[in-house]
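Novice: Below is the sequence, then the predicted model.
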Amino acid sequence: MGTNKRRVAIVGTGHRGVGTWGRDAPATCADEIELVGLSDTNPARLAVARDRLGGNLAVSTDLDRMLAEARPHTLLVCTRDDTHADIIVKALEAGIDVVSEKPMATTAADCRRILEAERRTGRKVNVAFNYRFAPTSRKIRELLAGGRIGTVTSCDFHWYLDTVHGADYFRRWHAYKRHSGSLFVHKATHHFDLLNWWIDADPVQVFAQGALRKYGANGPFRGARCKTCPHAGECEFYFDMGKSEWLESLYEAPAAEDGYVRDACVYREDIDIYDTMSATIRYANDVQVSYSLNAYLPVEGYHLAFNGTHGRLEVRMFERQAFDAPSGRDEILLLGTDRSVERITVDHGPGGHFGGDPLLHRSLFEPQAEDPAGQRAGARAGALSVLTGVAATRSAETGKAVDILPLLDSDA
Ligand SMILES: NC(=O)c1ccc[n+]([C@@H]2O[C@H](COP(=O)([O-])OP(=O)(O)OC[C@H]3O[C@@H](n4cnc5c(N)ncnc54)[C@H](O)[C@@H]3O)[C@@H](O)[C@H]2O)c1
């Protein structure tokens, strides 16, 4: 017997697809959605995912076949970043709405293809910007929109990835611009989207620098992968995947199918993304942003400050570090030019990304859910954050400032 639930299917059954979308989203939104299908080009990982998730699912390595059998209303796209665009366009053309993992795409041309397909088909793309749903992010947006520091004039935003999280991008496909667009796209898409949403204007121009200073050819030695590496005992990045039954089952045996190993050497000499990045961005409302992203630090978290005509808002978000720091909550410091000081504590929520993941799921799948803070993000928001990263990468490569908005129309 049919139900009124929204039928959702997943393409890309890696860690994110199986965990956040396959396991968690249907648990959070049990009355709203029903998982009906899975697809992945790796048959062994697909089989692990099917066994993990159970249920009566249409499962196929052939996406067309899975879509035909599962008949989803919504396709959740959780594949490698550079494959998103083809899959999104295919789904829209089949009359299926899409929720895409970030980044929506990795090139300007692919962003344009998605926007065009959305207009042509009348179907809808949402981009899963879970960081918008973290309680602290929302509070910042409310304080800025409420004029608490006057008119926003500039922003410092510095994101720190430690040697646990940061290194992981250098073990896999993320390490190549052709697959991830560089971390200016893959990772900074979150940060550029937050900026666009907080500042509430389009980003206009970026000037950026990027360098690879720690990983890749900088390594003192290298091997093929951690599991077989003769330097395992001396390498600061040795990663024993066998310690995680979850990762081992998803990635070890399936690697035999396509050669995608989860613990490739972070010192591979052909790595072509940056681990040290900075950018200045100008917005349509003349806000100036100073941004940086570093991927090998002793701390994980971010430092954010907005300056305005009447004050300043500061947040130092601590996620992982070797010293004592607040956990489970953030403190926002609101400073007035009249020397007033207000400390606002925001608790993290339950679930992934400081509580952002379950709130994102509810927002996407509970049709009655209101969206007073404008947290839902569509394809244009997805495109603008990608285009900022594409423009930053281009600027780092050429040494020239790059205009962002023209990329919505052409690559010229
Ligand atoms: N929002 C977040 O915080 C967050 C966190 C992690 C990952 N992500 C995103 O989720 C996506 C998946 O990340 P992951 O860490 O699970 O990656 P992963 O490499 O572990 O999994 C990707 C899966 O996609 C499959 N695949 C690749 N190309 C395909 C194609 N053309 N058709 C079908 N399947 C294909 C691979 O076989 C693999 O199983 C990425 O886009 C990533 O940026 C988002």
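Specialist: Nice, thanks for sending it over.
Novice: just for this structure, where's the confidence low?
Specialist: 1-2, 412 (pLDDT under 70).
Novice: Point out the residues in it that sit beside the ligand.
Specialist: Within the chain, the positions near the ligand by CB under 6 Å from any ligand atom are 11-17, 39-42, 45, 78-81, 83, 101-102, 128, 130, 186, 353. All C-beta atoms are positioned from the backbone trio N, CA, C, and that covers glycine.
Novice: Which of the residues you listed are buried? Put it as a PyMOL command.
Specialist: Restricted to buried positions by 16 or more other CB atoms under 10 Å, the PyMOL selection for these reads:
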select buried, resi 11+12+13+14+16+17+39+40+41+42+45+78+79+80+81+83+101+102+128+130+186+353
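Novice: For residue 364, see how far away the residue of the stretch 251-400 of the chain found nearest the ligand is.
Specialist: When scored by CB to the nearest ligand atom, the stretch 251-400 of the chain has residue 353 as its residue closest to the ligand, at 5.8 Å. Per CB to CB, to the nearest Å, residue 353 is found 14 Å from residue 364.
Novice: The residue of the stretch 251-400 of the chain closest to the ligand against residue 134, yeah?
Specialist: Yes. With contact defined as CB atoms under 8 Å, residue 353 reaches residue 134; the gap is 6.0 Å.
Novice: residues in contact with the residue of the stretch 251-400 of the chain closest to the ligand?
Specialist: 130, 131, 133, 134 (CB atoms under 8 Å, 6 or more residues apart in numbering).
Novice: Out of these, which comes closest to the ligand?
Specialist: The closest of the contacts of residue 353, once distances to the ligand are taken by CB to the nearest ligand atom, is residue 130, at 5.0 Å.
Novice: Centre-most residue in the protein?
Specialist: residue 102 (4.3 Å; CA atoms, centre = their mean).
Novice: Could you measure from the residue of the stretch 1-150 of the chain found nearest the ligand over to residue 215?
Specialist: Nearest residue of the stretch 1-150 of the chain to the ligand (CB to the nearest ligand atom) works out as residue 14 at 2.1 Å. In this structure, residue 14 and residue 215 are 21 Å apart, going by CB to CB.
Novice: One more: residue 297?
Specialist: For residue 297 relative to residue 215 (CB to CB), the value is 13 Å.
Novice: quick revisit: among the residues of the chain next to the ligand, name the ones in strands.
Specialist: Using DSSP state E, 11, 39 are the members of these that sit in strands.
Novice: would residue 279 count as being in a strand?
Specialist: Yes. Counting by DSSP: H, G, I helix; E, B strand; the rest coil, residue 279 is part of a strand.
Novice: Give me the neighbour count for it.
Specialist: Using other CB atoms under 10 Å, residue 279 has 26 other residues around it.
Novice: Now do the contacts for it.
Specialist: Residue 279 touches 184, 206, 207, 208, 209, 289, 291, 292, 392, 395, counting by CB under 8 Å, 6+ apart.
Novice: Can you give me the separation between the residue lying closest to residue 145 once chain neighbours are set aside and residue 316?
Specialist: Excluding the flanking residues, the one nearest residue 145 by CB to CB, 6 or more residues apart in numbering is residue 200, at 7.0 Å. Taking CB to CB as the measure, residue 200 falls 23 Å from residue 316.
Novice: Equivalent analysis for residue 46, please.
Specialist: In terms of CB to CB, residue 46 sits 42 Å off from residue 316.
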